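Colleague: Sequence and computational prediction follow.
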Amino acid sequence: MRVFVASLATETNTFSPIPTDRRAFEDAFYAPPGHHPETPTLCSATFIAARRRARADGFTLIEGTATWAEPAGLVGRSTYEGLRNEILDQLRAAAPVDVVVFGLHGAMVADGYDDCEGDLLARARAIIGPDTVVGVELDPHCHLSDLMVDSSNVVITFKEVPHTDFLERAEELLDICLRTARREITPVMSVVDCRAIANFITSREPGRSLVDRIKALEGRDAVLSISIIHGFPAADVYDVGTKVLVITDGAPEKGRALAASLGREVLAFGKNRLPPMPTPAQAVAEALAISGGPVVLADRWDNPGGGVAGDSTFMIHELLKHGDVSAALGALWDPVAVSFCHAAGAGAKLALRFGGKVAPSSGPPVDGVVEVTAVTRDLIVPFEQSLVSLGAAAAIRIGALDVVLSSKRAQTFHPDVFRNLGIDLTTRKIVVVKSASHFHAGFAPLAKAVIYVNCGGPYPPDPAKIPYTKIRRPILPLDEIAEFQVR
Ligand SMILES: [Zn+2]
């Protein structure tokens, strides 16, 4: 048995002003063959799962490149083609292989390629032929296209949002692919297209119970795997939308019926699928009405993990109106301000302009005399089993507010963003994180309450108001008519 594994991933917000080039991949995560670390990343957990199975089962594992760019705007054509061809050349050299496993994201868009993953998988299939088993792990915030499904045998997305289960899903993918190659099972994928943009989170209801229930349905009655594709609304491509994918052991009718019934459940969540999202002023007032602290405010739409800058200042301006409220905010992306703080040094006071640089949707910059309370050459924080670098960073104090400034864009996955710079969150009334949902596992244990905030941008937040030109119509909430499309 010969198994090939590779990973090429980012999530492209086609409305983001930040272009994605090869350096964006190399700066974030780039491991050439044999150099993948023993810790998984979000989209390369397939490497760790494949290594474990290779050691246990004794098959030959051939590793290709693994790379990831922090979500941002359109990927340059030569960047995508270069990385794609690098992996396809590795696959060509590895062939013949019995199994190919890809760790992808599913929402990469490049100049000239609206469906990068479909393109990569179709080209891979052309190299290896119809008999090799192709397995793909995707993020549920993907655009599941027909080309992706047609070019592969097994597609599995993470179930959890926040994504706490990427390694678990990778292990499942390996298991199903290996059993397929040994002809123990015949996976058949059934996809139901909900004709809706209906993403939700699973750290609270109603998403939580649905995920618990679909996990209980797997592994019996011919159901091998169930994936709910939430979709990624911040992209103007044809395949945006929510879909349900059920893999059965040779029972497509059963798979379709189950996918349709689960799709109906997701649509029935309606407006309850996401928590209420007050404005910055309302959110601060709500937090102040809660006794004790800290209350964690998630700046949901300025989440670098969704492709935006992470430099918006709306929450800072709001907090500066409450000079008596002890607060902390992070991580705000501002490499220029970080370099100024490093030059001034810890303990220095300086007049600093920070935040609000990338686009009008980032809000006005903040100007003030700040104290640099700490600096670090590399701010590294955990996210589940992986480690994420926010690069050189600094902590500054302005009034009663501490702000963590980072030089690399990454969302605020963990309280170590603050702790590693000496900020004790337990003494704060309000903690603002730049994250849509992945902060939750790390921050929930110390939070008195969690409030999701709508600062109005820059993600863009409301799908009904996004100026799509390519999305397949009709689709909810853009159009009133919507019906299931059973594949
Ligand atoms: Zn995601």
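Modeller: Yep, that arrived.
Colleague: alpha carbons only for contacts and neighbour counts from here, please
Modeller: Fine.
Colleague: burial of residue 102, as a residue count?
Modeller: Around residue 102 sit 29 other residues, with neighbours defined as other Cα atoms under 10 Å.
Colleague: That one contacts residue 45, doesn't it?
Modeller: No: counting by Cα atoms under 8 Å, residue 102 stays clear of residue 45, with 9.7 Å between them.
Colleague: Alpha carbons of stretch 141-155, as CSV, please.
Modeller: Coordinates of each C-alpha in stretch 141-155 appear next as CSV, following Å, rounded to 0.1, in the frame of the first residue of the first chain:
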residue,chain,number,x,y,z
HIS,A,141,-16.6,27.1,5.5
CYS,A,142,-15.9,25.9,2.0
HIS,A,143,-17.7,26.1,-1.4
LEU,A,144,-18.3,22.4,-2.0
SER,A,145,-18.4,22.2,-5.8
ASP,A,146,-19.5,19.4,-8.1
LEU,A,147,-15.9,19.2,-9.4
MET,A,148,-14.5,18.6,-6.0
VAL,A,149,-17.0,15.8,-5.3
ASP,A,150,-16.7,14.3,-8.8
SER,A,151,-12.9,14.2,-8.6
SER,A,152,-12.7,12.4,-5.2
ASN,A,153,-14.0,9.4,-3.3
VAL,A,154,-14.3,10.6,0.2
VAL,A,155,-14.8,14.2,1.4
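Colleague: Which residues belonging to it are considered buried?
Modeller: Neighbour counts over stretch 141-155 (16 or more other Cα atoms under 10 Å) mark 141, 142, 143, 144, 145, 148, 149, 151, 152, 153, 154, 155 as buried.
Colleague: Per-residue confidence, the fifth one, what does it come out as?
Modeller: Translated: residue 145. What the model reports as pLDDT for residue 145 is 98.
Colleague: Just give the nearest non-adjacent residue to it, would you?
Modeller: residue 239 (5.9 Å; Cα to Cα, 6 or more residues apart in numbering).
Colleague: in which helix or strand would I find that neighbour?
Modeller: Per DSSP states H and E: residue 239 is located in neither a helix nor a strand.
Colleague: gap between it and residue 419?
Modeller: Going from residue 239 to residue 419 by Cα to Cα, to the nearest Å gives 41 Å.
Colleague: again, but for residue 210
Modeller: Distance from residue 210 to residue 419, by Cα to Cα: 35 Å.
Colleague: likewise residue 90?
Modeller: Taking Cα to Cα, one finds residue 90 at 42 Å from residue 419.
Colleague: Can you pick out the residue with more neighbours from those two?
Modeller: residue 90 (19 against 12).
Colleague: helix/strand/coil for the more buried one?
Modeller: helix (DSSP: H, G, I helix; E, B strand; the rest coil).
Colleague: who's in contact with residue 114?
Modeller: By Cα atoms under 8 Å, 6 or more residues apart in numbering, residue 114 lies in contact with 108, 237, 238.
Colleague: re the thing from before, now do the contacts for the residue nearest to residue 145.
Modeller: Contacts of residue 239 (Cα under 8 Å, 6+ apart): 143, 144, 145, 471, 472.
Colleague: Just give me the closest of the residues you listed to residue 161.
Modeller: Checking these against residue 161 by Cα to Cα gives residue 143 as the nearest, at 16.0 Å.
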